[in-house]
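Undergrad: what follows is a protein structure lacking sequence information:
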DNA sequence: TCTCGATATGTTATCGTTATCATATGGGGC
DNA sequence: GCCCCATATGATAACGATAACATATCGAGA
């Protein structure tokens, strides 16, 4: 920066000002500075800048995985909202493990993010402590935690599953099964299973038809194998709810391969409204979640709180329950 | 850090050393320091650290999108390889635009990454200049550029498409079509189309059956609509190659819906070996690319060069052509 | 003409680490 | 018992920007 300053015949401070174009710099000077910047190929060092200004322009976000298109949509939402404000997303993948989450939180905090977005409401004690100490805005997503750390943008996975059970029951299906991943790492999957169980019990339907197969996120192929297990153990099952559209799709394909008609022989429902649910034959009855919107709203909330904190205020904890919606299609 | 030092009765320098555990710190002192760190909830400030040490521990990576599971696999590969070395991934999404890429490169460079991984071999002039000035290891992926900037981990998309055409021709299909996105932003998609055209011309097959539909990445549903267009304009088409498995899957589903048997009425091939290709009925003939491996290898190469540069050396430009492979399944 | 405020720029100190050099201590070989 | 080296720690000066305050210039209004 000193080089640029010399080139433009000004002080470093003026260069700094010209590059953030907020404060007074005369048009002529600014032009000279930008020319010098261009000529020298100078690129601002934000690490130094943030050390001085105490604003890193980072927001950290932890998601379980981006292989799952739900979370990749959420990630896109966050990225879009942050990019609009010139904030850099620091992304971490927990692989559905709260131990990894704790580790990643610590790693992220070393970069002094001005806010952090995490997935779910289940965290290690130490993770909560780290976040508290950091004194930055926190937004939990994809869940409605009992004891939110700060703000929340999510929905109740258990309620969503309940809603699906009720929908299936209303359609006349009585013997319902649930297919999910081996657990207990995927807390959202667990919540869905829990909601499923509560709902079938409430309706006095059989509540033992559970197949867990594969580490979350359960894949299409694993979904297919789980379906085989399900009908092997409980051949008279009438409808199956899958923890995600991917496993639902895998189940449907496996049924097709074996000549089991969907939904006649067995009805199948998914979760998430992935594109494959709309496109597949038969199309998949599922629960629609505005994944992108969750990410976008969470990022907006974080930014809002960051602005408040920069101005010496504090966060305004707020819980936003996003709408979910049953999408009835051909598979159930 | 000064607080921690006081607490442990040592100097800040010793605290710094204890926290990176490389240099001499006596076990007793280290223990006292770690206790103080724990008690005070101290978290190292890496921004300050990297300013001083000139090592940010960042690697930047630009991918077109993570909605497409190919690039999300590549991203996972990079993330895994970097996390192993304690390096933080700075991720950016170009949305298939080289203008966005240029902008993002500039944004990323402000964070002083020690290396950068970009997708494809087509970049703006200014982007190339920025990367050159930055004097950091660069790895281009998912392509084999004519003029690599530095190192490369990729494959020829044109050759891959050629290979598919040859495979289809060998199976007896003569009238071949190609379905891709409206272009010309998705350079890899364009390369595939180009390879397709070259190959059909070489084999003296009709070379006009091209349908472009939807902005890349073309979705499942768009693939289905494109297929309808294809058979509308060229009803005698025997086989269609799609730019990705997603559009291939959409095509197949649309065919199923209309009662067109695949592959009897029309054969369909995809690209990328997404999970849906293996799982769908019929399963999809496709080209298998080791997406995760590309990301992993690219990250490893960057790290290797980073180490070399840290030791005062320079990068060792290297082009790795990863294997691709036709996977013959039921759809063609 | 003088003063004052708006505009434009400069000076200095500082952000929180780590590199580098300096210093202290202890034990083994001669 | 002396020297030297390995081990362990400390003091100081960066790293490259910006905050905060200081200064200079200019024109308008009193």
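TA: Everything's here; your move. This one's a predicted model, so the numbers in the text were calculated from it and none came from an experiment. Numbers count the residues shown, from 1 in each chain, chains lettered A, B, ... in the order given.
Undergrad: mind checking the SS state of the closest residue to residue A:58 other than its chain neighbours?
TA: With Cβ to Cβ, 6 or more residues apart in numbering or on different chains as the criterion, residue A:58 has its nearest non-adjacent residue at 4.2 Å, and that residue is residue A:113. All C-beta atoms are positioned from the backbone trio N, CA, C, and that covers glycine. State at residue A:113, reduced to three classes by DSSP: H, G, I helix; E, B strand; the rest coil: coil.
Undergrad: quick check on residue A:113: phi, psi?
TA: phi -60, psi 150 (degrees, to the nearest 10).
Undergrad: who's in contact with it?
TA: A:56, A:58, A:59, A:60, A:90, A:136 (Cβ atoms under 8 Å, 6 or more residues apart in numbering or on different chains).
Undergrad: at 6 Å instead, please
TA: Contacts for residue A:113 (Cβ atoms under 6 Å, 6 or more residues apart in numbering or on different chains) come out as A:58, A:59, A:60, A:90.
Undergrad: try residue A:115
TA: Applying Cβ under 6 Å, 6+ apart, the residues near residue A:115 are A:59, A:136, A:137, A:302, A:306.
Undergrad: swap the cut-off to 8 Å and go again
TA: Counting by Cβ under 8 Å, 6+ apart, residue A:115 touches A:59, A:60, A:136, A:137, A:138, A:139, A:302, A:303, A:305, A:306.
Undergrad: what are the bridge partners for it, then?
TA: Note on residue A:115: beta-bridge partners by DSSP bridges are residue A:59.
Undergrad: which part of the stretch 51-200 of chain A gets nearest to DNA strand D, residue-wise?
TA: In the stretch 51-200 of chain A, no residue comes nearer to DNA strand D than residue A:52, which is 3.2 Å away by Cβ to the nearest atom of the strand.
Undergrad: and if you look at chain A?
TA: Counting by Cβ to the nearest atom of the strand, chain A gets nearest to DNA strand D through residue A:16 (2.5 Å).
Undergrad: ok, for that residue, nearest residue in space, not its chain neighbours?
TA: Distance criterion Cβ to Cβ, 6+ apart; nearest residue to residue A:16, sequence neighbours excluded, is residue A:1 at 6.8 Å.
Undergrad: and that neighbour, what pLDDT?
TA: At residue A:1, the model reports a pLDDT of 90.
Undergrad: do the same with residue A:147
TA: On the pLDDT scale, residue A:147 gets 94.
Undergrad: how about low-confidence regions in the stretch 51-200 of chain A?
TA: Residue ranges of the stretch 51-200 of chain A with pLDDT under 70: A:184-185.
Undergrad: around DNA strand C, which positions in it sit nearby?
TA: The interface of the stretch 51-200 of chain A toward DNA strand C, taken as Cβ under 7 Å from any atom of the strand, is made up of A:51, A:52, A:54.
Undergrad: in helices, which of these fall?
TA: Counting by DSSP state H, these place A:51, A:52 in helices.
Undergrad: most neighbours, which of the contacts of residue A:113?
TA: Ranked by neighbour count (other Cβ atoms under 10 Å in any protein chain shown), the contacts of residue A:113 have residue A:59 at the top, with 29 neighbours.
Undergrad: and the strands in chain A?
TA: A:58-63, A:88-93, A:115-119, A:138-141, A:151-154, A:176-180, A:210-212, A:239-242, A:267-269, A:286-289, A:319-321, A:324-327 (DSSP state E).
Undergrad: got CSV for those, with distance to residue A:187 too?
TA: Formatted as CSV, those follow (distance: least, Cβ to Cβ, whole Å):
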stretch, distance to residue A:187
strand A:58-63, 13
strand A:88-93, 16
strand A:115-119, 9
strand A:138-141, 11
strand A:151-154, 12
strand A:176-180, 12
strand A:210-212, 14
strand A:239-242, 17
strand A:267-269, 21
strand A:286-289, 16
strand A:319-321, 17
strand A:324-327, 17
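Undergrad: highest mean neighbour count out of these?
TA: Stretch with highest mean neighbour count among the strands of chain A: strand A:239-242 (a mean of 31; mean count of other Cβ atoms under 10 Å in any protein chain shown).
Undergrad: name the residues that touch it?
TA: Strand A:239-242 has contacts (Cβ under 8 Å, 6+ apart) with A:161, A:164-165, A:168, A:171, A:173, A:175-180, A:196, A:209, A:223, A:227, A:230, A:248, A:251, A:263, A:266-271, A:332.
Undergrad: circling back: save the contacts of residue A:113 as a markdown table, and put in distance to residue A:242 too.
TA: Listed next are the contacts of residue A:113 as a markdown table, based on distance: Cβ to Cβ, whole Å:
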| residue | distance to residue A:242 |
| --- | --- |
| A:58 | 37 |
| A:59 | 33 |
| A:60 | 31 |
| A:90 | 33 |
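Undergrad: get me the contact residues on the stretch 51-200 of chain A for chain B.
TA: Proximity of the stretch 51-200 of chain A to chain B, by Cβ under 8 Å from any Cβ of the partner chain, involves residues A:51, A:56, A:65-67, A:69, A:72-73, A:75-76, A:79, A:88-91, A:93, A:106-107, A:109-112, A:129-130, A:133-134.
Undergrad: need the contact list for residue A:327.
TA: Taking Cβ under 8 Å, 6+ apart as the criterion, residue A:327 is in contact with A:273, A:277, A:285, A:286, A:287, A:288.
Undergrad: and the third one, how many residues sit next to it?
TA: Other residues within reach of residue A:285, judged by other Cβ under 10 Å, total 26.
Undergrad: which parts of stretch A:262-273 are buried?
TA: With burial defined by 16 or more other Cβ atoms under 10 Å in any protein chain shown, the residues of stretch A:262-273 counted as buried are A:262, A:263, A:266, A:267, A:268, A:269, A:270, A:271, A:272, A:273.
Undergrad: let's have those in CSV, adding distance to chain B and pLDDT.
TA: Formatted as CSV, the buried residues of stretch A:262-273 follow (distance: Cβ to the nearest Cβ, whole Å; pLDDT from 0 to 100):
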residue, distance to chain B, pLDDT
A:262, 11, 90
A:263, 16, 92
A:266, 15, 96
A:267, 18, 97
A:268, 14, 98
A:269, 18, 97
A:270, 14, 97
A:271, 17, 96
A:272, 14, 95
A:273, 13, 96
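Undergrad: isn't the residue nearest to residue A:16 right up against residue A:17?
TA: No. Look at residue A:1 against residue A:17 with Cβ atoms under 8 Å: they stay out of range, at 11.3 Å.
Undergrad: just give me the neighbour total for residue A:181.
TA: Residue A:181 has 25 neighbours, counted by other Cβ under 10 Å.
Undergrad: now residue A:53
TA: 13.
Undergrad: any idea how far it is from residue B:262?
TA: 59 Å (Cβ to Cβ, to the nearest Å).
Undergrad: residue A:280 contacts residue B:253, doesn't it?
TA: Yes. Assessed by Cβ under 8 Å, residue A:280 is found in contact with residue B:253 at 5.9 Å.
Undergrad: OK, contacts around the closest residue to residue A:130 other than its chain neighbours?
TA: Here the nearest residue to residue A:130 in space, its sequence neighbours aside, is residue A:105; by Cβ to Cβ, 6+ apart that works out to 5.3 Å. By Cβ under 8 Å, 6+ apart, the contact set of residue A:105 is A:60, A:62, A:116, A:118, A:127, A:130, A:131.
Undergrad: what do you get for residue A:305?
TA: Contacts of residue A:305 by Cβ under 8 Å, 6+ apart are A:115, A:137, A:150, A:151, A:315, A:316.
Undergrad: compare residue A:280 and residue B:253 (neighbour count), which wins?
TA: Shown here are residue A:280 and residue B:253; by other Cβ under 10 Å, residue A:280 has more neighbours (30 against 24).
Undergrad: can you check the pLDDT for the more buried one?
TA: The per-residue pLDDT reported for residue A:280 equals 95.
Undergrad: hmm, back to that, the residue nearest to residue A:58 and residue A:27: what is the separation?
TA: From residue A:113 to residue A:27 the distance is 35 Å (Cβ to Cβ).
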